[in-house]
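> Here you go, sequence then predicted model.
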Amino acid sequence: MATIELEGLEKRFGEVEVLKGVSLTVGDGEIAALLGPSGCGKSTTLFILAGLYQPSGGVVRFDGASMSGVHPKDRNVGLVFQSYALYPHMTVRENIGFPLLLQKVAKAEIARRVAEVAELAGLSELLDRKPSQLSGGQQQRVAAARAIVKRPRLLLMDEPLSNLDLELRARMRREIKRVQRETKITTIIVTHDQEEAMSLADRIYVMQGGQVQQGGDHRALYERPANRFVAGFIGMPTMNFADELAVVDGWLTSGGRRLFEVAPGGELAGRDLADAVLGVRPEHVAVGGEGGVAAQVVDLIPEGREMVVGLALDGGIEMRSIVPSTLELAIGQAVRVSIDEAYIHLFDRSSGAALHHGGHSRAVPDPARRP
Amino acid sequence: MKGEQLKGERGARATIIVGLLLLSLPLIASYAWLLLASFGDGHELTWGIFPTDYTIKHWRFLWDPHGAGGDLPSIWRATGNTLFVALSITLLDVFIATNAGYVFSRWHFRGRGPLLAFTMVLHAFPSVTLLVALFIVLLHMGLLGSLWGIVLVKVALQAPFSIFVMKGFFDGVPWESEMTALTDGCTRLGAYRRVILPQILPGIAAISIFSFLEGWKEFLFVFAFVFDKDKWTLSVYLQSILSRGSVVDYGIMAAVAVFYMLPVILFFVFTQKYLMKVQLGGVKG
């Protein structure tokens, strides 16, 4: 168990700059997620934490002590790979006991602790099997059990659930959370799946282009995205964006087409919108009623309880809305669409930085500690 | 319906087996002739292959040092030499191929690809073309006439193939496996020994078998580079029986040939399952 700090971490592979100054902090006993698209540097960060890669610059600290030059074996870190990387020539029992064997723990003690961890991971019945005789979910548990048996200071998981089917993934998520609560091991999970990050982690670091874009809990990321990338990456269906903004005759327009009527004295009044991009979450695009602008339904994607509606506003602005599935809609149908000014976001067109968060967003205190 | 289908399949299978048997008949017949001839007495034969009288006199070289002819050394001496050559080649080859295979598989150094290709080219030369060159090299190294010279030459020619096979096996061990071992508490060397090595054992077994057989059957280099009868290996020993005097004693020749073959046959029987894995590892190379 430890507090983990990364400061200005850089990594180059030849000419390629994979990490460009990553700084973040994970508190003792917390679960943090590094979330981002593939190639964003999240796995590289993880392998630097494990000591498998040497950083080209910056510092890694465990409980304030620099890990520079510390061999992986001396870091007391548990690592779970996406592929599990079980040792095929060892039984489940030998796999889990391997880290203890290397620490020269007494045989009886190894047996006791392997049994304990196996119980925790629900593997007691499988100890004498070989990895090839296990299902994906079982292999995943063995990998996790092997990683925590030595009671590491830090548990690192690289896309731990992405090889599992949907139902199993949901169950393993709950189990990882349960085991982590019981063991209180500081944990960092790398994932490209925002749902996974949100359901598992106390704190999420969204990464892109070798940098941390924003760190915070799931509400902060969703309601107060620091920039356009985070706004577009977090949330399904994704946020709607519109540019070429102007206020004409009391209406906000995008490329000359109307979006919504600007409230006098509201957030938008008197704001220079030339360099701004509008962001609206699909749930804040209301379909039906009398007000708003005219729109046409161009796409319908049922998702069970809800339905994603593709719309063309005022003859062309593409937006998506999410409505109850019970709403009677057909493709080609003409509808009225209202966007609530109170819930909009504005981003700088060139830098992408957030300029304004509307509505309820302001009511939430910002728990995000920007690194 | 199903029964009929099965019957058809069985018929097809029987045809295949009979066909294969017929095709291998010349091979089977020659081995059978060799075995029978080693126990046959006189020149009378039934059906052209079965001797009328049987004897073990051709086999007396096993207990009589001069059993194969007064001018030849003891067969046990030649057997010892052959074993020495085959085992030395095996040990050296395995040592070189595992280390080089690991480096080729795991390290991405400049010129890795061309070097690997070049290694394969080395293997492509027929031994005969190198005979004179090797003679000169061995002469200058003072290894002419020594079995060590044979061992070194054979290893040099055998190693490229073995390296290639071992690289394939190392490629089959995931990077993650090694990295997990490091975080589990292994040193780099410990990870190699405890995690990687057990996973490439079939590869080591396979190249051991190949290089052992290469050493066991080597004739040309021993014939060309070794002059002392006491250093003969079994292949040269057998050749000398065939080429001495004007009349070849087929009985003794057959007995020595069978004696020479036996270890190889036994070896194959016990190691077949490892040999089968080579393709599996080699393909990924």
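Great, that's in hand.

> Which segments of chain A make up each domain?
For chain A, automatic domain parsing gives the domain ranges A:4-225, A:240-363.

> Can I get these in JSON lines including mean neighbour count, distance to chain B and mean pLDDT?
C-beta here means a position set from N, CA and C on the backbone, and glycine is covered the same way. Shown next, in JSON lines, are those (neighbours: other Cβ atoms under 10 Å in any protein chain shown; distance: least, Cβ to the nearest Cβ, whole Å; pLDDT from 0 to 100):
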{"stretch": "domain A:4-225", "mean neighbour count": "19", "distance to chain B": "4", "mean pLDDT": "92"}
{"stretch": "domain A:240-363", "mean neighbour count": "16", "distance to chain B": "35", "mean pLDDT": "88"}
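
> Output those in a markdown table; the columns should cover distance to B:A14.
What follows is the domains of chain A, written out as a markdown table (distance: least, Cβ to Cβ, whole Å):
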| stretch | distance to B:A14 |
| --- | --- |
| domain A:4-225 | 36 |
| domain A:240-363 | 60 |
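
> Do a quick rundown of the strands in chain B.
Under the criterion DSSP state E, chain B contains strands at B:40-46, B:50-54.

> picking that back up, relative to B:A97, which of the domains of chain A is closest?
The closest of the domains of chain A to B:A97 is domain A:4-225. By Cβ to Cβ, the value is 20.3 Å.

> quick revisit: quick one: closest of the domains of chain A to B:A205.
domain A:4-225 (13.9 Å).

> what about the closest one, how long is it end to end?
The stretch domain A:4-225 measures 24 Å between its terminal residues, going by Cα to Cα, to the nearest Å.

> can you count the residues close to A:G232?
16 (other Cβ atoms under 10 Å in any protein chain shown).

> give the contact list for it.
A:238-239, A:241 (Cβ atoms under 8 Å, 6 or more residues apart in numbering or on different chains).

> possible to save these as a markdown table with secondary structure and distance to A:A2?
Output for those, formatted as a markdown table (DSSP: H, G, I helix; E, B strand; the rest coil; distance: Cβ to Cβ, whole Å):
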| residue | secondary structure | distance to A:A2 |
| --- | --- | --- |
| A:T238 | coil | 36 |
| A:M239 | coil | 36 |
| A:F241 | strand | 40 |
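
> Put together JSON lines for the residues you listed, with distance to B:V121 on each row.
Shown next, in JSON lines, are the contacts of A:G232 (distance: Cβ to Cβ, whole Å):
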{"residue": "A:T238", "distance to B:V121": "55"}
{"residue": "A:M239", "distance to B:V121": "59"}
{"residue": "A:F241", "distance to B:V121": "58"}
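
> and the strands of chain B, which one is worst for confidence?
Across those, strand B:40-46 has the smallest mean pLDDT, namely a mean of 73.

> low-confidence ranges in the stretch 1-150 of chain B?
B:1-6, B:43-44, B:67-68, B:70 (pLDDT under 70).

> Can you add distance to A:T44 and give the strands of chain B back as TSV?
What follows is the strands of chain B, written out as TSV (distance: least, Cβ to Cβ, whole Å):
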stretch	distance to A:T44
strand B:40-46	75
strand B:50-54	75
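
> Mind putting these into a markdown table with mean neighbour count and distance to A:G288?
Converted to a markdown table, the strands of chain B look like this (neighbours: other Cβ atoms under 10 Å in any protein chain shown; distance: least, Cβ to Cβ, whole Å):
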| stretch | mean neighbour count | distance to A:G288 |
| --- | --- | --- |
| strand B:40-46 | 12 | 105 |
| strand B:50-54 | 12 | 102 |
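
> Could you point out which of these sits nearest B:T233?
Using Cβ to Cβ, the strands of chain B put strand B:40-46 closest to B:T233, at 26.5 Å.

> Name the strands paired with the closest one and say parallel or antiparallel.
Paired neighbours of strand B:40-46 in the sheet (DSSP bridges): strand B:50-54 (antiparallel).

> residues making contact with the strand it pairs with?
Applying Cβ under 8 Å, 6+ apart, the contact partners of strand B:50-54 are B:36-37, B:39-42, B:44-46.

> State which helix of the chain is the longest.
Chain wasn't specified; assuming chain A. Ranked by residue count, the top helix of chain A under DSSP state H comes out as helix A:166-183.

> look at chain B instead
Chain B, longest helix under DSSP H: helix B:2-39.

> Next, the buried residues of that helix.
Buried residues in helix B:2-39, counted by 16 or more other Cβ atoms under 10 Å in any protein chain shown: B:33-34, B:37-39.

> So for B:Q272, which of the domains of chain A sits nearest?
domain A:4-225 (21.2 Å).

> from the chain's centre, how far out does the closest one sit?
Centroid separation for domain A:4-225 versus its chain: 15 Å, with Cα atoms, centre = their mean, to the nearest Å.

> re earlier: okay, the buried residues of helix B:2-39 in TSV with distance to A:R181 next?
Formatted as TSV, the buried residues of helix B:2-39 follow (distance: Cβ to Cβ, whole Å):
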residue	distance to A:R181
B:W33	78
B:L34	75
B:A37	81
B:S38	78
B:F39	80
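
> Just the closest of those residues to chain A, please.
B:L34 (42.0 Å; Cβ to the nearest Cβ).

> strand partners of the helix or strand hosting A:V335, parallel vs antiparallel please.
In the assignment (DSSP states H and E), A:V335 maps to strand A:334-339. Strand pairing for strand A:334-339, using DSSP bridges, gives strand A:285-287 (antiparallel), strand A:293-303 (antiparallel).

> where does the stretch 101-250 of chain B come near chain A, residue by residue?
Contacts of the stretch 101-250 of chain B with chain A, taken as Cβ under 8 Å from any Cβ of the partner chain, map to B:174, B:176-177, B:179-187, B:190, B:195, B:198-199.

> Return a PyMOL selection command for the buried portion of these.
To isolate the buried ones among those in PyMOL, judged by 16+ other Cβ under 10 Å, type:
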select buried, chain B and resi 176+177+179+180+181+182+183+184+185+186+195+199
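
> Just confirm A:V206 is within a helix.
No. Counting by DSSP: H, G, I helix; E, B strand; the rest coil, A:V206 is not part of a helix but strand.

> Just send the strands paired with strand A:334-339 back as JSON lines, with distance to B:T90 too.
Putting the strands paired with strand A:334-339 into JSON lines (distance: least, Cβ to Cβ, whole Å) gives the following:
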{"stretch": "strand A:285-287", "distance to B:T90": "75"}
{"stretch": "strand A:293-303", "distance to B:T90": "64"}
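
> Do you have the strands of the stretch 51-200 of chain A handy? List them.
Secondary structure of the stretch 51-200 of chain A (DSSP state E, counting those that start in this stretch): strands located at A:57-62, A:65-66, A:77-80, A:154-158, A:186-191.

> Tell me which residues are up against the second one.
In this structure, residues lying in contact with strand A:65-66 by Cβ under 8 Å, 6+ apart are A:59-60.

> what does the longest helix of chain A rub up against?
Contacts of helix A:166-183 with the rest of the structure, by Cβ under 8 Å, 6+ apart, involve A:31, A:120-122, A:136-137, A:140-141, A:144, A:148, A:151, A:155, A:157, A:160-161, A:164, A:187, A:196, A:199-200.

> Go through the residues you listed and flag which are in helices.
Applying DSSP H to the contacts of helix A:166-183, the entries found in helices are A:120-121, A:136-137, A:140-141, A:144, A:148, A:196, A:199-200.

> could those residues be laid out in JSON lines, adding distance to A:G36?
What follows is the ones in helices among the contacts of helix A:166-183, written out as JSON lines (distance: Cβ to Cβ, whole Å):
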{"residue": "A:L120", "distance to A:G36": "30"}
{"residue": "A:A121", "distance to A:G36": "28"}
{"residue": "A:G136", "distance to A:G36": "24"}
{"residue": "A:G137", "distance to A:G36": "25"}
{"residue": "A:Q140", "distance to A:G36": "22"}
{"residue": "A:R141", "distance to A:G36": "26"}
{"residue": "A:A144", "distance to A:G36": "22"}
{"residue": "A:I148", "distance to A:G36": "25"}
{"residue": "A:E196", "distance to A:G36": "12"}
{"residue": "A:S199", "distance to A:G36": "17"}
{"residue": "A:L200", "distance to A:G36": "15"}
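
> No further questions, thank you.
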